[in-house]
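J.: Provided below are the primary sequence and the corresponding predicted coordinates.
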Amino acid sequence: MTGVVVFFVVGVAAGWVVRTVLRPVFASPLLARENYRGRTVVTAAGIVVAVAAIVVEAGRTVLATLDVGHRVTPARALVLFAAVAFGLLGLLDDLVGSGHARGFRGHLAELAHGRLTTGGLKLIGGAAVAVIVAGGRDPHSFGRLLVDGALIALAANLANQFDRRPGRVTKVAVAAFVVLVAAASHRHELEGVAVVVGATAALFVDDLRERLMLGDVGANAVGACLGAGVVLAYSFPVRVGVLVAVALLNLVGELTSFTRLIDAVPPLRALDRAGRRDP
């Protein structure tokens, strides 16, 4: 438990440093978007998450050559790959996505008409990345590969569905991570995930105050890494159960709005709006 907490804090620190260094980049008009209230804010700030994960793992690798700490483990390498790859696909959608097609149905409908949207590319590319990550966990079982790949890909999409209001995806991600760590028997496999969630948390206040948006780059990365954490740290029966739950939540997100559902439950509405600007 202590190691995971330490790496969460390291992730927060790395995220804060990267956020500060990238401040001039975030001033670019290319990243200016209107949020749900019509306020112009910086989008794609979630790139901080992937960059922070790279910086932390690079630093740990350098320290390992000096006999301080350990070299990159397979689990950490898989989480880093998931953060960077899903982040890259999300960044593409943030920068050049038109937004006219939403959800699985919208992107698949466009693909059926011979048009590949950036969201469709994200779905296809995300599925491929998820299979690669899942293959690193259990490369000798086709059935497990499909289950684990689907879990990672759907977890990334679910995080994207939650990212419709300031701070929401970070609140959900941190809560999910706490449960993930508390119930895991192999917590050391979650060190890389801790860095990613910590880097996401470093943007929390700016996100709440509507100074930036994580964008698909941030939401997809943290969702995929949480899914990868389940794959890496839990037994196969548990992973199947989590896949069913995540798939059902994805279906709910496709058929209705999480914002509408959250607003209908007073305790959830209070948690969701805590810390936000007044409407």
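T.: Looks like it arrived, so ask away.
J.: Please enumerate the strands of the stretch 151-279 of the chain.
T.: For the stretch 151-279 of the chain, none of the segments meets the definition of strands by DSSP state E, counting those that start in this stretch.
J.: residue boundaries of the helices in it?
T.: Counting by DSSP state H, counting those that start in this stretch, the stretch 151-279 of the chain has helices at residues 168-183, 191-201, 204-208, 215-233, 236-255, 258-263, 266-273.
J.: which of those helices sits most buried?
T.: Greatest average neighbour count among those goes to helix 215-233 (a mean of 31), per mean count of other Cβ atoms under 10 Å. All C-beta spots, glycine's among them, are computed from the backbone N, C-alpha and C.
J.: Packing partners of it?
T.: helix 47-65, helix 74-96, helix 118-137, helix 142-162, helix 168-183, helix 191-201, helix 236-255 (3 or more Cβ pairs under 8 Å, 6 or more residues apart in numbering; DSSP states H and E).
J.: and if we set it to 6 Å?
T.: If contacts are counted by 3 or more Cβ pairs under 6 Å, 6 or more residues apart in numbering; DSSP states H and E, helix 215-233 sits against helix 47-65, helix 74-96, helix 142-162, helix 168-183, helix 191-201.
J.: before we move on, back to that, save the helices of the stretch 151-279 of the chain as a markdown table, and put in mean pLDDT too.
T.: Putting these into a markdown table (pLDDT from 0 to 100) gives the following:
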| stretch | mean pLDDT |
| --- | --- |
| helix 168-183 | 95 |
| helix 191-201 | 96 |
| helix 204-208 | 94 |
| helix 215-233 | 95 |
| helix 236-255 | 94 |
| helix 258-263 | 92 |
| helix 266-273 | 92 |
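J.: now for the ones you listed, which one comes closest to residue 147?
T.: Nearest to residue 147, of all those, is helix 236-255, at 5.8 Å by Cβ to Cβ.
J.: which residues touch that closest one?
T.: Residues from elsewhere that reach helix 236-255 (Cβ atoms under 6 Å, 6 or more residues apart in numbering): 103, 147, 150-151, 154-155, 157-158, 161, 230.
J.: Let's see that with 7 Å instead.
T.: With Cβ atoms under 7 Å, 6 or more residues apart in numbering as the contact definition, helix 236-255 has outside contacts at 103-105, 144, 147-148, 150-151, 154-155, 157-158, 161, 230-231.
J.: What of stretch 171-182?
T.: Against stretch 171-182 from outside (Cβ under 7 Å, 6+ apart): 1, 4, 159, 162, 187, 190, 193, 197, 200-201, 222, 226, 229-230, 271.
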